[in-house]
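[1] Predicted model and sequence follow; I will ask about them next.
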Amino acid sequence: MRGARLGSGNWRRASHYIDDNGGRIESFLSVKRMKADLDKTLNLLKTARGQLDGLVRMVEDDRYCIDISNQILATIAILKKVNVDVLTEHLEHCVRESFDDDEDKSEKIREIEAIIRKLC
C-alpha cells in the first residue's frame, strides 16, 4: 500500500486491485487522517520550527531576556493556532461523522475529553 494525496490536504491509503480486463485500478480506503488544511498546517509548523531555531541562537548569543520571552510567546501563539485549527476540523468532520455510530461517538467524546484535560 502507498499513500495518495486527495485534494485539500486529506490523505488516504491506496489499495490496488485488478479489474476484469487485467488492468490496475486504485480503490481508496478511508483511514484516520487529519482533516485540517495540510499546507496551512505545515507552513505554520515550519514557521514555529524556524522561531524555535531562532530562540536557540538567541540563548546561545546570550540575548536580552525580554526579547527571548517575546519570541517564546510568538512561537506558542503559532502552535496554539495550529492546535485550534486541527481540533476545529476534527470536531467539524470526525466528531460530526461519528453521530450515526454510538460506539464511534463515545470514542470521539473520550478523545475530546482527554484533549481538554491536557489543555487545562
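    Yes, it's here. Numbers count the residues shown, from 1 in each chain.
[2] Buried residues of the helix or strand encompassing E103, list them for me.
    Element membership for E103, per DSSP states H and E: helix 102-119. For helix 102-119, a neighbour-count test (16 or more other C-beta atoms under 10 Å) marks K108 as buried. Placement of C-beta: from N, CA and C, glycine included.
[3] What sits closest to I78 if chain neighbours are left out?
    In this structure, I78 finds its nearest non-sequential neighbour in A48, 4.4 Å apart by C-beta to C-beta, 6 or more residues apart in numbering.
[4] V95 contacts R110, doesn't it?
    No: in terms of C-beta atoms under 8 Å, V95 does not count as a neighbour of R110; the distance is 11.3 Å.
[5] In the one helix or strand the residue nearest to I78 maps to, which residues are buried?
    Assigned by DSSP H and E, A48 belongs to helix 38-60. For helix 38-60, burial by neighbour count (16+ other C-beta under 10 Å) applies to 38, 41, 44, 48, 51, 55, 58.
[6] packing partners for the helix ranked longest in the chain?
    Secondary structure of the chain per DSSP state H: the longest helix is helix 65-89. Contact here means 3 or more C-beta pairs under 8 Å, 6 or more residues apart in numbering; DSSP states H and E; on that basis helix 65-89 packs against helix 38-60.
[7] just the angle between the helix it packs on and helix 65-89, please?
    160 degrees (axes from the mean of the first three to the mean of the last three C-alpha atoms, to 10 degrees).
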